[in-house]
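[1] Generate coordinates for the sequence data below:
(chains A, B, C, D, E and F)
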There are 4 protein chains.
Amino acid sequence: MPEKNQTPAQEPAAESTPRRRQARGERRIAQLLEAAAAVFCSTGYTAASTNAIAREAGVSPGTLYQFFPNKEAIAIELGDRLMHEMRETYGEALAPVDAATPLAEAVGSAVDRFIAFNCRHPVFFALMHGPDIPGRIAEEHDALHATLLLRIETLLTSLLPGTPPADVARTAHVCLGVYKSGLELVLAHQGAEREAYVQELKNVLVRYLEPLAAARTA
Amino acid sequence: MPEKNQTPAQEPAAESTPRRRQARGERRIAQLLEAAAAVFCSTGYTAASTNAIAREAGVSPGTLYQFFPNKEAIAIELGDRLMHEMRETYGEALAPVDAATPLAEAVGSAVDRFIAFNCRHPVFFALMHGPDIPGRIAEEHDALHATLLLRIETLLTSLLPGTPPADVARTAHVCLGVYKSGLELVLAHQGAEREAYVQELKNVLVRYLEPLAAARTA
Amino acid sequence: MPEKNQTPAQEPAAESTPRRRQARGERRIAQLLEAAAAVFCSTGYTAASTNAIAREAGVSPGTLYQFFPNKEAIAIELGDRLMHEMRETYGEALAPVDAATPLAEAVGSAVDRFIAFNCRHPVFFALMHGPDIPGRIAEEHDALHATLLLRIETLLTSLLPGTPPADVARTAHVCLGVYKSGLELVLAHQGAEREAYVQELKNVLVRYLEPLAAARTA
Amino acid sequence: MPEKNQTPAQEPAAESTPRRRQARGERRIAQLLEAAAAVFCSTGYTAASTNAIAREAGVSPGTLYQFFPNKEAIAIELGDRLMHEMRETYGEALAPVDAATPLAEAVGSAVDRFIAFNCRHPVFFALMHGPDIPGRIAEEHDALHATLLLRIETLLTSLLPGTPPADVARTAHVCLGVYKSGLELVLAHQGAEREAYVQELKNVLVRYLEPLAAARTA
DNA sequence: GATGAATGAGGATTCATTCAT
DNA sequence: TATGAATGAATCCTCATTCAT
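    All right, here's what the predicted structure looks like:
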């Protein structure tokens, strides 16, 4: 977008050609990422094949490799874009919480927004859904994981001021784990049952955090 | 070759052969399952190859398929045996809880035993660590999952009498999810930090269940 | 061959089955190596594809990989067998030269035997024909190269006693280089012209070594 | 972009454009050949990819194909230019030898110049380093080979007057082969060892040719 | 039962080359 | 001219599974 505003009327033809080429590339990348998202969702990241992604995108395998060096890079770029959109939509921190906001409300709205985001981007869960090998987190999902943790830590720091950083980190890990497992349940259900699971997820988190937050008001 | 030289002429062949064959079969199965456990642990279920399992067991691929029709069957049998051992060790229900046992104690001991079991059988986590495809639970892990749920439901029913079954089921799903994510964190750490995560896991569960349990005493 | 002489008549059936299996494997390996030799000859080592080798051998690609981990291993095994046959046919050293043998005769017979061997095994040249990248010798050809050098050094040591090892090594390298280039020319021609090139190759080597050998008689 | 701003309005477009285009084309070709040389040197001809050459030259693959129909053509043109420079630097024949020049001197200076040329143009060796397929000389290297042979034949004709052309041709082939293998050894070493190999190369050639040259003086 | 050879489709990735812009 | 996107066959290699022995 920054390049659009320079010399708007002087060199119309000389520049449109490379611009169009670039635009085509951008479109292809978007198209490939979309296809990758679909494939990741339906088969999982591990089982997804680059050929399947290319096929889904309606291009040849070679085209995919013109834009991404390997499968991992696709996952990483997809994760980056998701995190970017999340930041754009919901701001830098998970939620700007001031001391007056009740915990239940803060957590509730964070969960609602997280879940809404996931429903809009089902891949998110597939990418977040981490390690094939217990205890090890694959690189592809690492950045996503780290970013989410950071967001949660930021929220927790504002909710639980004065807590030692190590404890905040641990609590953030726990919350993320709880959230991931809750999300799995939410996505596995529909309608009223889904709503019930959303409520349960909020309950778990709020009840877990309440005693910790109580320290600050005390 | 060691088994060839034992009792060469004493037993009537017609009787000893099938019995011995059966015994040998059992040994082979145990050997294969052990190998499968090792491979699942080090590479994850999806990436585990049947050839690798056979190699680890010191037998040929053909032998593996004499006892298991496919990879999935191995995981299922492994899960069955784990659940069997769990039942044998800890009894039919997760814990025989009477009304007098404080919730924290009941949950604490259940978590401790669960974790102890996992440390004794690291595959457990690999098998439990479910779906490659978000929202869908793979068949291999299905039985395991169902059994665990049942155990948790049994415990919850005794903890929360009078709760509608649908709510108990939902709560059990949530608890299992929380437990799985907590276990992941526990296994990813060592020493004091691991202990801290164990405590947090207990906290999450106790605080989540407390208000529900309160209803019964009231 | 060593296993054939044990218990020749006691257990005829119990042992023939695994033996046959092994024999099948050996035959496959031989067949694959033969196919590889043909492909290496017609397309060169670098351009040879494992699929082409498998096709030439009339087996599936998977079968090839049951016996060889990769293309390089095929070349190495092929080289090993060639060196083995060379040793079996011509003895450990290139030629057992005593001081009385005239240089021309020693070199002539060594060249003749080398060339005869190459005509019997055209791959030999393809494998010997070294580095794609000047100055670097690929691992596949390394062992072959080293063995040939050793043989030449042994011959030279007997021809040129008292020469410093470093000089012998250098001379051996030169002789091998000359031989390789001469062989290329020999193989590229037929009939009388080929014979003429054989003679020239001998001339080059004899004239090169004569002054060095003169030192010993003096 | 630097070429866009020179002489923007002075020359009539109809005339300057084709001339400038030609000049630009020449520069492009030189640039591509330089890049190809670098890639051939570092990976060898066979393994060199046209994409890599284009990348090294800083142009797109399409541009490369605007000037060369395929990879082979690049090698051929590169070889042509090398031979051209060789002719420009060292004259039409390898060396203008008169009867008075001692053989050792003539050969020594020819070898020295050849080697110097190779050190200035490392691709030369990569291109000369002929056939992937033993016995067959690839088209790419054919012209190079033929030109070198011609030069050597010319030299030999002056050194060995009265020798039948077929013998001269054969001798030239042998000399070229010896030179190529010697060059490989020279390039593979450094410092004093390299010098020693240069000397050995000269020895081989001189001793090989001496008896042939002796005939003329006799 | 046990073996290990055999399969062949499918995995990721590369590359010479073409083509619309 | 120049670009870079597009191709698709070919590369090496793996793996669940079968089958003759």
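
[2] Chain A: helices as residue ranges?
    Using DSSP state H, the helices assigned to chain A run over residues A:12-43, A:50-57, A:61-67, A:71-90, A:103-120, A:123-128, A:139-159, A:165-187, A:191-217.

[3] These: which one's closest to DNA strand F?
    Ranking the helices of chain A by distance to DNA strand F, with CB to the nearest atom of the strand as the measure, places helix A:61-67 first at 1.8 Å. All C-beta spots, glycine's among them, are computed from the backbone N, C-alpha and C.

[4] near chain D, anything from the closest one?
    No: taking CB under 8 Å from any CB of the partner chain as the criterion, helix A:61-67 and chain D are apart, separated by no less than 10.4 Å.

[5] got the residues of chain A near chain B?
    Going by CB under 8 Å from any CB, the residues of chain A near chain B are A:41-47, A:122, A:125-126, A:129, A:131-135, A:170-171, A:173-174, A:177-178, A:180-182, A:184-185, A:187-188, A:193, A:196-197, A:200-201, A:203-204, A:207-208, A:210-211.

[6] Whichever of these end up buried, select them in PyMOL.
    To isolate the buried subset of the residues of chain A next to chain B in PyMOL, counting by 16 or more other CB atoms under 10 Å in any protein chain shown, use the following:
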select buried, chain A and resi 41+42+44+45+122+125+126+129+132+133+134+170+171+173+174+177+178+180+181+182+184+185+187+188+196+197+200+201+203+204+207+208
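
[7] can I see the domain layout of chain A?
    Chain A is divided into the following domains under automatic domain parsing: A:7-68, A:75-217.

[8] A:V186 contacts A:R194, doesn't it?
    Yes: using CB atoms under 8 Å, A:V186 is in contact with A:R194, at 5.6 Å.

[9] With neighbour numbers in mind, choose between these two.
    The neighbour comparison of A:V186 against A:R194 (other CB atoms under 10 Å in any protein chain shown) goes to A:V186, with 25 against 16.

[10] Now that one: closest residue in space that isn't a chain neighbour?
    A:Y197 (4.7 Å; CB to CB, 6 or more residues apart in numbering or on different chains).

[11] can you tell me how far that neighbour sits from A:V111?
    11 Å (CB to CB, to the nearest Å).

[12] shared neighbours of those two, which are they?
    Common neighbours of A:Y197 and A:V111 (criterion: CB atoms under 8 Å, 6 or more residues apart in numbering or on different chains): A:G182.

[13] residues near A:Q31, how many?
    Counted with other CB under 10 Å, A:Q31 comes out at 16.

[14] If we ignore the residues flanking it in sequence, what's nearest it?
    Using CB to CB, 6+ apart, the nearest residue to A:Q31 is A:A57, at 5.2 Å.

[15] A:T43 against A:A52, yeah?
    Yes: using CB under 8 Å as the test, A:T43 is close enough to A:A52 to be in contact (7.4 Å).

[16] so which of the helices of chain A is the most packed in?
    Per residue and on average, the most neighbours among the helices of chain A fall to helix A:123-128, with a mean of 23 (mean count of other CB atoms under 10 Å in any protein chain shown).

[17] who's in contact with that helix?
    By CB under 8 Å, 6+ apart, helix A:123-128 touches A:36-37, A:40-41, A:44-45, A:75, A:78-79, A:82, A:117-118, A:140-141, A:144-145, A:148, A:180, A:183-184, A:187, B:133-135.

[18] for chain A, what are the low-confidence residue spans?
    In the predicted model of chain A, residues A:1-21, A:92-99, A:130-140, A:215-218 satisfy pLDDT under 70.

[19] Next, the contact list for A:L149, please.
    A:A169, A:A172, A:H173, A:L176.

[20] Throw the residues you listed into a markdown table and include distance to D:E26, thanks.
    Formatted as a markdown table, the contacts of A:L149 follow (distance: CB to CB, whole Å):
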| residue | distance to D:E26 |
| --- | --- |
| A:A169 | 63 |
| A:A172 | 63 |
| A:H173 | 64 |
| A:L176 | 62 |
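
[21] of those, closest to chain B?
    A:H173 (5.6 Å; CB to the nearest CB).

[22] Thought B:G182 was touching the closest one, still the case?
    No: taking contacts as CB under 8 Å, A:H173 lies outside contact range of B:G182: 9.7 Å.

[23] Could you name every residue contacting both of these two?
    In contact with both A:H173 and B:G182: B:Y197, using CB under 8 Å, 6+ apart.

[24] DNA strand F contacts on chain A?
    A:18, A:21-22, A:24-25, A:28, A:59-63, A:65-67 (CB under 7 Å from any atom of the strand).

[25] tell me the two of the residues you listed that are most distant?
    Using CB to CB, these span at most 26.1 Å, a distance reached by A:P18 and A:P61.

[26] From A:L201, how far off is A:A172?
    16 Å.

[27] ok, back up a step: out of the domains of chain A, which gets nearest to B:A106?
    Here domain A:75-217 is closest among the domains of chain A (CB to CB), at 17.0 Å.

[28] okay, the helices of chain A in TSV with distance to C:R87 next?
    Formatted as TSV, the helices of chain A follow (distance: least, CB to CB, whole Å):
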stretch	distance to C:R87
helix A:12-43	54
helix A:50-57	48
helix A:61-67	47
helix A:71-90	48
helix A:103-120	69
helix A:123-128	59
helix A:139-159	50
helix A:165-187	64
helix A:191-217	74
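
[29] residues contacting the spatially closest residue to A:G182 that is not a sequence neighbour?
    Excluding the flanking residues, the one nearest A:G182 by CB to CB, 6+ apart is A:L201, at 3.4 Å. By CB under 8 Å, 6+ apart, the contact list for A:L201 reads A:V111, A:V178, A:Y179, A:G182, A:L183, A:L185, A:V186, B:V174.

[30] wait, which of these is closest to chain D?
    Nearest member of the contacts of A:L201 to chain D, counting by CB to the nearest CB, is A:L183, at 43.1 Å.
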